[in-house]
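Student: my questions concern the predicted model and sequence given below.
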Amino acid sequence: MTGAEEDWTLIARACAKVSESRLWRMHEEMAAFGAIPGPGVNRQAFSAEDIAARRAMLAWLKPYGFEIFVDDIANLFIRRAGRNPDLPPVTTGSHMDSQPRGGRFDGIYGVLAGIEVLFALEDAGLATEHPLEVVAWSNEEGSRFAPGAMGSMVYSGARRLDEVLDSQDGDGVVLRDALAATLAATPQARPRALGSPAAAYIEAHIEQGPLLEQQATTIGVVTGIQGTRWFSVELRGESAHAGTTPLAVRRDAFQAAVAVVNELNALVAAEPEDLRFTIGRFDVGPNTPNSVADRVSFSIDMRHPDAALVRRVGDAIMRLCDGERLGCRLSIVENFNRPPCAFAPDIVDAVEAAARLLGESHLRLASGAFHDALFMNDICPTGMIFVPCERGISHNPAENAAPADLAAGARVLLATLAGLATTHA
């Protein structure tokens, strides 16, 4: 038997130790933190619920003696030692926070799948040359403190820590205070420097789309993440009495906004159908039934896997949203611009090889959603593993995934990580 064949035999034995029931039970226990009526969760970053979930997870890990680390933005790292402690870790993970009305699998699956991998390796007694680490990234969703993907963004150097500390939530809580409380809640975690090296990063996640389910496929081998541009648009008009002001003399910011939205819809309708264009937030002032609106602001989220198209359409949106409509001043600010990223071919191939060797159906696809892997791709070879979610629903309490699919993704994750970490008996 060759060395590679022997390694694969050992990895396959460890994959057999992945426990579907244990992984599902961890999901059920995590879903209790921030539970809302129905099956969903509201576990906001740096909240009491987030802190309680972290503490519970660390309690599960205590019998195994894994090392625990935390950095200055409260990214939490769980380390299983390798034979060579001087080598950088092969890392996996995702996030624990949710949308305000989120589901039980977005983000947390990647953390729990990583923990299940560590448990299975322990059960199998399989050593790796590199250390293995599971990371729980802070504030991926950005629904409480902006921006999203904050933990991985600061860790990778895409943003400085001091640039985000003054962010406030809707109740006026300042991030630096919420962060301090989160850091204080895990005193057993040793300090970790931001940007510590990693040999590779693999993130497991539910697809958040319908392709895998539609094609009856278990594993998505993710090739990269499509480009994103975010904008804030504002129209300023003049408030007036709804019963007395003639239509012809109004500076109605709402009607002007409707005109702009129609123009934007016409613009994107001429583009390829895989362009993603969303107006997700719409705010009207003074927002009373008998007053003409004097202010409207709305968000634009535009995404596509082709960098040239992202640039061209985004620039066209900026030109369209500058000037005047129906007597109202129209302005636009770009909040975020991230070109598409392509994952390292060797990592993509490694995920695909693991799925093939385990006999799991698989296909290559790009991620339409934003993930922490986007920023890890800046500092180390990166990849992702998708598993199906029911009807592609995510960011919704109805979000659902099958226990068998979650376990299959964890087995592919284990095989990929162990292969990258070079196994030895």
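Tutor: Nice, I can see it.

Student: doesn't L363 lie inside a helix?
Tutor: No. Using DSSP: H, G, I helix; E, B strand; the rest coil, the assignment for L363 is strand, not a helix.

Student: could you find the closest non-adjacent residue to it?
Tutor: T217 (5.2 Å; Cβ to Cβ, 6 or more residues apart in numbering). For glycine as for every other residue, the C-beta is placed from the backbone atoms N, C-alpha and C.

Student: tell me the secondary structure at that neighbour.
Tutor: coil.

Student: what sits against it?
Tutor: Counting by Cβ atoms under 8 Å, 6 or more residues apart in numbering, T217 touches 211, 361-363, 388.

Student: look up the pLDDT of it for me, please.
Tutor: T217 carries a pLDDT score of 98 in this model.

Student: for V154, see how far away it is.
Tutor: Between T217 and V154 the distance is 35 Å, computed by Cβ to Cβ, to the nearest Å.

Student: show me where the stretch 151-300 of the chain has its strands.
Tutor: Ranges of strands in the stretch 151-300 of the chain, per DSSP state E, counting those that start in this stretch, are 190-191, 200-206, 219-225, 227-236, 276-278, 282-285, 295-304.

Student: adjacent strands (with direction) for the fourth one?
Tutor: Sheet partners assigned to strand 227-236 using DSSP bridges are listed as strand 295-304 (antiparallel), strand 328-338 (antiparallel).

Student: quick one: distance of that strand to the chain centre.
Tutor: 21 Å (Cα atoms, centre = their mean, to the nearest Å).

Student: regarding the residue nearest to C15 when sequence neighbours are not counted, what is its secondary structure?
Tutor: In space, C15 comes closest to R411 once its chain neighbours are excluded; the distance is 4.4 Å by Cβ to Cβ, 6+ apart. Classification of R411 using three-state DSSP returns helix.

Student: give me the number of residues near R411?
Tutor: Neighbourhood size, R411 [other Cβ atoms under 10 Å]: 26.

Student: spit out the contact partners of the residue nearest to F231 when sequence neighbours are not counted.
Tutor: Sequence neighbours aside, I300 is the residue nearest to F231 in space, at 4.2 Å (criterion: Cβ to Cβ, 6+ apart). Contacts for I300 (Cβ under 8 Å, 6+ apart) come out as 229-233, 264, 277-279, 317.

Student: which ones are touching V292?
Tutor: 237-242, 245, 250-252, 254.

Student: next, the residue nearest to L363: phi, psi?
Tutor: When read as degrees, to the nearest 10, the backbone of T217 gives phi -120, psi 140.

Student: and it, how close does it get to I347?
Tutor: Taken as Cβ to Cβ, the span from T217 to I347 is 20 Å.

Student: cool, Y201 as well?
Tutor: 8 Å.

Student: neighbour-wise, which of these two wins?
Tutor: The neighbour comparison of Y201 against I347 (other Cβ under 10 Å) goes to Y201, with 29 against 23.

Student: just the pLDDT at E5, thanks.
Tutor: With respect to pLDDT, E5 has a value of 75.

Student: residue contacts, the residue nearest the centre of the chain?
Tutor: Nearest to the geometric centre of the chain sits H371, at 3.3 Å (Cα atoms, centre = their mean). Neighbouring residues of H371 by Cβ under 8 Å, 6+ apart: 94, 140, 149, 203, 205, 225, 384.

Student: ok, now C389?
Tutor: 105, 206-208, 213, 399-401.

Student: for L211, the count of nearby residues, please.
Tutor: L211: 15 neighbours (other Cβ under 10 Å).

Student: excluding chain neighbours, what is closest to it?
Tutor: L365 (5.9 Å).

Student: can you give me the helices for the stretch 251-400 of the chain?
Tutor: Secondary structure of the stretch 251-400 of the chain by DSSP state H, counting those that start in this stretch: the helices cover 253-269, 307-320, 345-357, 373-376.

Student: out of the ones you listed, which gets nearest to A32?
Tutor: A32 lies closest to helix 373-376 among the helices of the stretch 251-400 of the chain, at 27.3 Å (Cβ to Cβ).

Student: for the closest one, name the packing helices and strands.
Tutor: Where contact means 3 or more Cβ pairs under 8 Å, 6 or more residues apart in numbering; DSSP states H and E, helix 373-376 is packed against helix 150-156, strand 200-206, strand 219-225, strand 382-387.

Student: what is in contact with Y201 and I347 at once?
Tutor: 381-383.

Student: break this structure into its domains for me.
Tutor: Domains of the chain are assigned by automatic domain parsing as 3-226+340-424, 228-338.

Student: separation between the residue nearest to L363 and L211?
Tutor: Relative to L211, and taking Cβ to Cβ, T217 is found at 8 Å.

Student: same question for G227.
Tutor: Taken as Cβ to Cβ, the span from G227 to L211 is 19 Å.

Student: what do you get for D378?
Tutor: D378 is 26 Å from L211, by Cβ to Cβ.
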